[in-house]
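Sequence plus the predicted model coming up.
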Amino acid sequence: METITEVAFDLFKQKGYQHVTVEEIALRSGIAKGTFFNYFQKKEHLLLHLANSYSQLMDQVVQRHREGTIKERLLHILRDILSIYLQHSDLLRLTLVETIRSTIETKEVSTNLTMFRETLRTLLEEAIRSGALRSRWDPNMSASVIVGLFLNTLIHGSPSLNEDELYEALLRQLDVVWEGIADE
């Protein structure tokens, strides 16, 4: 499966996602077209696979930011994820669109969005347990709001804003809701 995904992502980068066929991916991977479908139901599932493969990367980002207030840690984590997104924006923008489309069509939350929310929920729960955060809100709801702010920033700002401008937009949005999350 690794060969298929590597070949597909190289082709997506070279030609653009819309201009790559399953036949082309199979040919370059050295497999039959039918074998492709043993791994992925359709081409779009390659994008979902990419999004879901970021869990180890998410863990690394969180581990880099173990110091500071919970808000500072969240902001550093979001900044790093934003930076990763922008480094691979052509492919990850397609992945984001497919993730949202798939979630709407299947009414099931995508694994990558669930993982993102769960990571933030765990951070918030740890902060509440340690006394570093006082909040009247359920950590899962708070994490969902933060994920929503992040996605909103990507959807509305990424085509026209640079990384610093996107981060500032995200920071302003988080500031708007933070008092609703923290009883400070």
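Looks like it arrived, so ask away. Numbers count the residues shown, from 1 in each chain.

how about the helices of this structure, start to end?
Under the criterion DSSP state H, the chain contains helices at 2-15, 22-29, 33-39, 44-52, 55-64, 70-87, 89-106, 111-130, 139-157, 163-181.

Quickly compare these and say which is most buried.
When you average the neighbours per residue for each of the helices of the chain (mean count of other Cβ atoms under 10 Å), helix 44-52 leads with a mean of 20. Every residue, glycine included, has its C-beta placed from N, CA and C.

can you list the residues that contact that helix?
The contact list for helix 44-52, computed with Cβ atoms under 8 Å, 6 or more residues apart in numbering, reads 4-5, 8-9, 17, 25, 40, 91-92, 94-96, 98-99, 101-102, 110-112, 115.

switch the cut-off to 6 Å
8, 40, 94-95, 98-99, 111-112 (Cβ atoms under 6 Å, 6 or more residues apart in numbering).

Go through these and name the one nearest Q60.
N112 (15.3 Å; Cβ to Cβ).

Could I get the phi/psi values of the residue lying farthest from the centre of the chain?
Seen from the C-alpha centroid of the chain, the residue lying at the greatest distance (Cα atoms, centre = their mean) is A32, 31.3 Å away. A32 has phi and psi values of phi -80, psi 150 when expressed as degrees, to the nearest 10.
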